[in-house]
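Enquirer: sequence-free structure coming up:
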């Protein structure tokens, strides 16, 4: 038997298990329930004090010896379980509607505390619970780890991106480069020039400036892939194709000017034969050239020509969307990779179910994209695409070489049937004024060209193009020589861009065996 504890009662047969002392407050101590033994009955009264608390009747018994007892909580009966005249009482029920319940020992209740105002969650509690922490506050204003993709506010002394882009447009440049440790730099007539009045860019500054033009999703995508392509606009002035990248653990960006106005082919200096491709009923037309050679501009002009002259459905897949086409005579739908579709290949899988007449593929990057484009051209659609190749023969070989060796014979047959033309182009610094002139190579798929492709004799295509002037064909060397003779570009520029030096010298009137080094030392024509 444990020692007596002053202030508590000892169980006495026939008496309540607990008798409150004068001035004491009941603490929820009840009789223990011992299976197989008769249980003492306590005298209770119906609740009359605060609801939910039993009121105990005074007990005239002598003070009992205090003893420690296990605590058992009594549970109130459910309303439907209250005894009635037609229902026998529940065994063990005591007056007041309480039944002893065999439950684990409950801890004594603590006194109720006054209500307090809700407190803000501690930092890191949401992360520890595995829950996202919604917040519209920039991470720079909150302690702890930064939320992915959140940006800092641009400061007053940071680079004004709009002003820098307007300076690019005013200078007639094509690109703006932003990189840490260098001032904003623009490309004008093929060369790079720092913008005047700008200092070197800092890493934090440049990140704030770039992140300010990105959406939350774009920031998250960039921090996942470390690469991002998007389009940006100065409303009413120009659009820009933007590439954001990382270099030496710092952010960088390149902005390419995309004019709002789509210029006609004649204004661009593209031969008229290229315009005939816009009227073809079906087939594959490839526009190729190095990066920055104006492929997108040429394709936009061809698509605009079709838009103005044909009542067709034009579907484009681009990364990102560059030139915006309005609905003119044709219906034009433009899809952007990453926003409207996951990839070129995925978009082309479904494009044939969208009832297109003309399909523009921004870049034919992989086997799947090229394969679907060939199939679409074979099944009665006019397909335009781009590749980064230098001449027509190389373009055909590139398409075929993408496929495994056991499929290449079949692809040659498909390409010979579907191909309608190849346009290769490059930009040359002008000699007669500011700006750059375009030099092109055009191949039209005549019967002779198709046979050469089918038989794998692509090395003979150059000779066929030299002799195909009646069909509108010409080589890059021929066009460069014509530009030199017209005084639009210098001889040195033409020699730098030509594919066959001897052929170019002969066509430009320098057939004296002049070497490239001697020519460059001789100055402009």
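Expert: It's in. Keep in mind that this is a model prediction, so the values were computed, not measured.

Enquirer: and residue 372, that's in a helix?
Expert: Yes: judged by DSSP: H, G, I helix; E, B strand; the rest coil, residue 372 forms part of a helix.

Enquirer: can you pull the contacts of it?
Expert: 345, 348, 349 (CB atoms under 8 Å, 6 or more residues apart in numbering). C-beta: built from backbone N, CA, C; applies to glycine.

Enquirer: quick check: phi and psi on the second one?
Expert: Which is residue 348. With angles defined as degrees, to the nearest 10, residue 348 sits at phi -70, psi -30.

Enquirer: what is the burial count for it?
Expert: Neighbours of residue 348 under the rule other CB atoms under 10 Å: 24.

Enquirer: not counting residues beside it along the chain, what's closest to it?
Expert: residue 372 (4.0 Å; CB to CB, 6 or more residues apart in numbering).

Enquirer: ok, residue 296 next?
Expert: Closest to residue 296 by CB to CB, 6+ apart is residue 322, at 5.2 Å.

Enquirer: what do you get for residue 164?
Expert: In space, residue 164 is closest to residue 184, 4.9 Å off (CB to CB, 6+ apart).

Enquirer: what number of residues lie near the one you found?
Expert: Applying other CB under 10 Å, we find 25 residues neighbouring residue 184.

Enquirer: now do the strands in the stretch 151-300 of the chain.
Expert: Applying DSSP state E, counting those that start in this stretch to the stretch 151-300 of the chain gives strands spanning 175-178, 185-188, 191-194, 227-234, 238-247, 250-258, 283-288.

Enquirer: in the fourth one, which residues are buried?
Expert: Of the residues in strand 227-234, those buried by neighbour count under the rule 16 or more other CB atoms under 10 Å are 228, 229, 230, 231, 232.

Enquirer: ok, so of those, who is nearest residue 437?
Expert: The closest of the buried residues of strand 227-234 to residue 437 turns out to be residue 231 (CB to CB; 26.9 Å).

Enquirer: right, and that closest one touches residue 239 too?
Expert: Yes: in terms of CB atoms under 8 Å, residue 231 counts as a neighbour of residue 239; the distance is 6.0 Å.

Enquirer: which neighbours do those two have in common?
Expert: Counting by CB under 8 Å, 6+ apart, the residues touching both residue 231 and residue 239 are 258, 322.

Enquirer: which residues sit against stretch 443-451?
Expert: Outside of stretch 443-451, the residues within contact range by CB under 8 Å, 6+ apart are 273, 283, 392, 416-417, 419-423, 461, 464-465, 468, 471-473.

Enquirer: those in strands, which ones?
Expert: Applying DSSP state E to those, the entries found in strands are 283, 419, 420, 421, 422, 423.

Enquirer: distance of the fourth one relative to residue 273?
Expert: This means residue 421. From residue 421 across to residue 273, the span is 8 Å (CB to CB, to the nearest Å).

Enquirer: same drill for these two, tell me which one is more crowded.
Expert: Neighbours per residue, other CB under 10 Å: of residue 421 and residue 273, the larger number sits with residue 421, 24 against 17.

Enquirer: ok, the more buried one to residue 288 distance?
Expert: 11 Å.

Enquirer: and residue 377, by the same measure?
Expert: 16 Å.

Enquirer: next up, the contacts around residue 424.
Expert: 288, 289, 389, 390, 391, 392, 395, 440, 441, 442, 476.

Enquirer: tell me how the chain divides into domains.
Expert: 148-258, 265-474 (automatic domain parsing).

Enquirer: C-terminal to the longest helix seen in the chain, what's the next element?
Expert: If you go by DSSP state H, the chain has its longest helix at helix 295-309. For helix 295-309, the following helix or strand on the C-terminal side (DSSP states H and E) is strand 313-318.

Enquirer: per-residue confidence averaged over that following strand?
Expert: Taken as a whole, strand 313-318 has an average pLDDT of 96.

Enquirer: which helices and strands sit right next to it?
Expert: helix 295-309, strand 331-336, helix 344-351, strand 358-361 (3 or more CB pairs under 8 Å, 6 or more residues apart in numbering; DSSP states H and E).

Enquirer: sheet partners, orientation included, of the second one?
Expert: Going back to what we said before, that points to strand 331-336. Here strand 331-336 is paired, per DSSP bridges, with strand 313-318 (parallel).

Enquirer: name the residues that touch the strand it pairs with?
Expert: 303, 306-307, 325, 330-337, 341, 344, 347-348, 351, 354-362.

Enquirer: next, the buried residues of it.
Expert: Quick answer for strand 313-318 (16+ other CB under 10 Å): 314, 315, 316, 317, 318.

Enquirer: so can I have TSV of the domains of the chain showing distance to residue 509?
Expert: Output for the domains of the chain, formatted as TSV (distance: least, CB to CB, whole Å):
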stretch	distance to residue 509
domain 148-258	25
domain 265-474	16
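
Enquirer: most tightly surrounded among those domains?
Expert: Looking across these with neighbours counted as mean count of other CB atoms under 10 Å, the highest average goes to domain 265-474: a mean of 19.

Enquirer: residue ranges with poor pLDDT in the stretch 101-250 of the chain?
Expert: Residue ranges of the stretch 101-250 of the chain with pLDDT under 70: 101-152.

Enquirer: so which residues of it form helices?
Expert: Per DSSP state H, counting those that start in this stretch, the stretch 101-250 of the chain carries helices over the ranges 125-128, 161-170, 203-211, 216-225.

Enquirer: quick one: closest of those helices to residue 194.
Expert: Of the helices of the stretch 101-250 of the chain, the one closest to residue 194 (CB to CB) turns out to be helix 161-170, at 10.9 Å.
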